[in-house]
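Undergrad: need the 3D shape of this:
(one chain, ligands or ions: 3)
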Amino acid sequence: MRHWNAISGGVIAFACVFVVWVASLLGGLAPIDQAIRTWRFQATDRAPSGETLFVDIDSKSLTNVGVWPWPRQVHAAILDRLMSLGAAEVVFDIDFSSASTPQGDLALEQALQRAGGYAFLAAFQQTTSAGEIVLNGPLPRFAAQANSVLVNVDGDGTSLLQSVPTGLPELGIPSVAQALVPAAPASGPTLMMDFGIDLERIARISASEVLSGTPDPALFANKQVIVGASAIELRDFFQVPRFGVIPGPLVQLEATETLKAGRLLTDLGSLPALLLSLLAAGAFVQARRRQTPLGVLAAAGAGFIVLVEILAWLALREKGAVLATALFQFSIGLLVLSGLLNERALRWREFLRQQGRLAYLATHDLSSGAISRQALVDALDSELTSGKPASVVLVHLGRLDAAIASLGHDVGEQAAAHVAQRLEQHLAIKPARIGSDLFAWSRPDALNPEQLTALCRWIASALDQPYLIDGHVIILDTRYGATAVSNGDYSAAELLRQSDVALGEARIQNAKALAFSADQSERITQRRLKDIALRQALERDEFYLLFQPQIDLATNRLVGVEALVRWKNAELGAISPADFIPLAEETGLIVRLGDWIMHEACRQVALWSWDGRLSINVSSVQFQLGDVIASLTSALSKSGFPARRLDLEITESLFIKDDPSILGALETIRRMGVSIALDDFGTGYSSLSYLTRLPIDKLKIDQAFVRPLPDTHNEAIVETIILMAKRLGKTVVAEGVETAHQRDYLAALGCEIGQGYLFGRPSSPEVLGLEPSSHEVAAAPATPAGPAASAES
Ligand code: C2E
Ligand code: MG
Ligand code: MG
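TA: Ligands and ions are numbered 1, 2, ... in the order given. Sure, this is the predicted structure:
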């Protein structure tokens, strides 16, 4: 898998922190910070001082009096009562800024007077609709008797009330808390309340109880009392970090208790969390570079979050420091998330890369860089289905297998890659490789047969140039089959099949290039029929043997016969071995057929009362695919035919592969007493060196050199072969002797044996006079006349 990229990963990590920071600046994290703060306050729970008391104007008190605002006499009564119960100070968190009834105002004024300066009255700042800030203080007649205290609960702009103003020093008005705890150190313009102090544990008593009950004086002795409303009807409520929604007087009590506890909270905001987040991002980048697994990082992140929370809680409890840590938590979360997404993205990219590779593999041949057969078929089919014309050319790389056999597979594959390159250079398209030594390409027009073969020849002039690979020069012999369609009538597979047929035909005709024509197809069909018939021919006993005489040219005596197989099929008629032997070789049937010939020839000739030689043709394929020695041993032992009278005719094609096992087989055959004749000499493999190396007893000069005689060129060849054979100590047989002149000429050169129509066509033993019962046969020259059914004409 591809690696985590440190640079882009680092940018992403710090971007995560930046994003969270911006979110916190925009207030997006405030609810979470507040929730954490609530939890922290709960966890730092402290008891209040016990020196304060809340006299609560609750719903019950309202109902008891029956009206609101209360007549001022009621407030006066409360104050009197509280003072008589021993309260140290009494704060009225109640608006006395406007006059009420003269009796009421008088009653309160007098009560305040009686309180002797231990009562405080609410003052609060308000912004008018005109934007003016005005102070609502108690009526001057009240203010003259009691000090004013600020009861503003302006908050700090967040949805939670966390702090209160510390007073209006320029007007000499302290906040409630400052008034009640005058010795407390100054805390700046606002006082952050410590909601760790448990408001629920502050003594609380209903105003109605004070007014008309029998309150316990011990509850009031030396207490600082705040009188205020908690009745829902009076709507003086605030959302605070702990305890939910509380009435204004309790806010003042919490502020007072905060000062009493000496808890001067400082809000450090989210800066520490930001610094920690940046550190975390740095550490994250480092860890990712070291390939620390994400799971470990997530666990570590969670651990750090817990640690930071514990530290933040300790900071609040011990130092009164209020920290906003949500930024850190979210940064960690986003870092891990970014890591996860990054890993997903890497995996996805890797997946796409693999997909791409698979697609490439499916459509390309790796070693040559050509496209695959399927890719060609797909591309061609999509053209053809829309009725477009197309030409397809197939090129076979002749001799590539020989290069692979001698130089190895690697070199062969490199040669194929060079072919693909040359094709691409000349055609300006990628060819397709459709076999180890087969390439194909198509073009979007329908060329006629002449144009097709011209195109092939032009390409051949490039492909047949030598290839230099790893210091080896390789020359390929390319052959081409081509076809075209003008209106998309055929599928790609059919066009490939047609070019393959044309290529096969080119091979048969030994042509460089051929365009497809319908009759080629017909021939293929015929061949297929023949192939099927051939497979059944052995079982149906359709093969038989004829024998062609071999004559001693010096004495004119019959010294041998060559067994030649014949096939007669009910539907196909008589088929020439020149036709069906290559077919049997291709299909491998030659192995069984050859075995039958070996047995049959030995069986027949052994029965004759004749001591001449028998020649049997053995195909190279029998050596490659079959076990010639086993077949030979079995034929000799079953027939009793003596090995020393047998010749096996092999051809030069046997030596092309230079296979040491073949040499071994020939030597074994030789040791059995059987002689070896090289058939069709002079037409095949051009190296003469094997003549000295290989165990060969006889050379059969091919009829191609004999039949044209007299002819100066062929005379030269024939004379050379005879001379060479004599020098090497090998017997020479001339095939295709058709005239007496040829016979005399060959005899004069010292050629020992002749075979040809002059002496006799391949015939049945009866025609040759070689029947089981007969004795001493000396037929020279054998006349080709005789019963027509038994000799070929
Ligand atoms: P080959 O082994 O070179 O056989 C000689 C061929 O030349 C025979 O053709 C024979 O009929 C023909 N021939 C002989 N004398 C003359 C002549 O004076 N003039 C002309 N024009 N032709 C002559 P055939 O029997 O058609 O065999 C053709 C080839 O088929 C053989 O060539 C051999 O390669 C193969 N073949 C035939 N029988 C067998 C067989 O039993 N086993 C194997 N493996 N191949 C066989
Ligand atoms: Mg032969
Ligand atoms: Mg021959």
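Undergrad: for the helix or strand harbouring Leu358, packing partners?
TA: Using DSSP states H and E, Leu358 sits in helix 326-363. With contacts defined as 3 or more Cβ pairs under 8 Å, 6 or more residues apart in numbering; DSSP states H and E, the secondary structure elements packing on helix 326-363 are helix 6-25, helix 30-43, helix 271-289, helix 294-314, strand 371-372, helix 373-385. (Each C-beta comes from the backbone N, C-alpha and C, glycine too.)
Undergrad: ok and the residue in the stretch 251-400 of the chain nearest ligand 2?
TA: Gly398 (26.4 Å; Cβ to the ion).
Undergrad: wait, what's in contact with that residue?
TA: Shown in contact with Gly398 (Cβ atoms under 8 Å, 6 or more residues apart in numbering): 437, 476-479.
Undergrad: let me see the ranges of the helices in the stretch 601-750 of the chain.
TA: 620-625, 628-639, 660-671, 689-693, 703-706, 712-727, 740-749 (DSSP state H, counting those that start in this stretch).
Undergrad: ok, now how distant is the closest residue to ligand 2 within the stretch 301-450 of the chain from Glu413?
TA: Distances from the stretch 301-450 of the chain to ligand 2, computed as Cβ to the ion, single out Ala402 as the nearest residue at 25.5 Å. Computed as Cβ to Cβ, to the nearest Å, the Ala402 to Glu413 distance reads 15 Å.
Undergrad: more crowded one of the two?
TA: Set side by side, Ala402 and Glu413 show unequal neighbour counts under other Cβ atoms under 10 Å, the larger going to Glu413 at 18 against 15.
Undergrad: how many residues are close by the residue nearest to Ile717 when sequence neighbours are not counted?
TA: Of all residues not flanking Ile717 in the chain, Phe705 sits nearest, at 5.1 Å (Cβ to Cβ, 6 or more residues apart in numbering). Other residues within reach of Phe705, judged by other Cβ under 10 Å, total 23.
Undergrad: surely Phe705 and Glu719 touch.
TA: No. Counting by Cβ atoms under 8 Å, Phe705 stays clear of Glu719, with 10.2 Å between them.
Undergrad: mind listing the helices for the stretch 51-200 of the chain?
TA: Listed in chain order (using DSSP H, counting those that start in this stretch), the helices of the stretch 51-200 of the chain are 59-65, 72-85, 102-115, 140-143, 176-180.
Undergrad: just give the nearest non-adjacent residue to Pro185, would you?
TA: Of all residues not flanking Pro185 in the chain, Leu264 sits nearest, at 6.8 Å (Cβ to Cβ, 6+ apart).
Undergrad: longest strand of the protein?
TA: As far as residue count goes, and with DSSP state E defining each element, the longest strand of the chain is strand 557-569.
Undergrad: that strand: partners in the sheet, and parallel or antiparallel?
TA: Strand 557-569 has the following strand partners under DSSP bridges: strand 543-552 (antiparallel), strand 573-575 (antiparallel), strand 613-617 (parallel).
Undergrad: with Gly387 as the reference, name the closest of those strands.
TA: Closest of the strands paired with strand 557-569 to Gly387 is strand 573-575, at 43.0 Å (criterion: Cβ to Cβ).
Undergrad: contacts for that closest one, please.
TA: By Cβ under 8 Å, 6+ apart, strand 573-575 touches 530, 566-569.
Undergrad: next, the angle strand 613-617 makes with the following helix or strand past it.
TA: Tracing the chain past strand 573-575, the next element assigned as helix or strand by DSSP H and E is helix 577-587. Between the direction of helix 577-587 and that of strand 613-617, the angle (axes from the mean of the first three to the mean of the last three Cα atoms, to 10 degrees) works out to 60 degrees.
Undergrad: what are the buried residues along the helix holding Leu358?
TA: If you call a residue buried by 16 or more other Cβ atoms under 10 Å, then helix 326-363 has these buried ones: 326-336, 338-339, 342, 363.
Undergrad: for ligand 3, state which of the residues you listed is nearest.
TA: Set against ligand 3, the nearest of these by Cβ to the ion is Thr363 (49.2 Å).
Undergrad: any idea which of the strands paired with strand 557-569 scores lowest on pLDDT?
TA: With a mean of 87, strand 573-575 has the lowest mean pLDDT of the strands paired with strand 557-569.
Undergrad: would you quantify the distance from the nearest residue in space to Val377 that is not next to it in sequence to ligand 3?
TA: Excluding its sequence neighbours, the residue lying closest to Val377 (Cβ to Cβ, 6+ apart) is Ala492, at 4.3 Å. Applying Cβ to the ion, to the nearest Å, one obtains 43 Å for the distance of Ala492 from ligand 3.
Undergrad: if we can go back for a sec, so how far is Ile475 from the residue of the stretch 251-400 of the chain closest to ligand 2?
TA: For Gly398, the distance to Ile475 under the criterion Cβ to Cβ works out to 10 Å.
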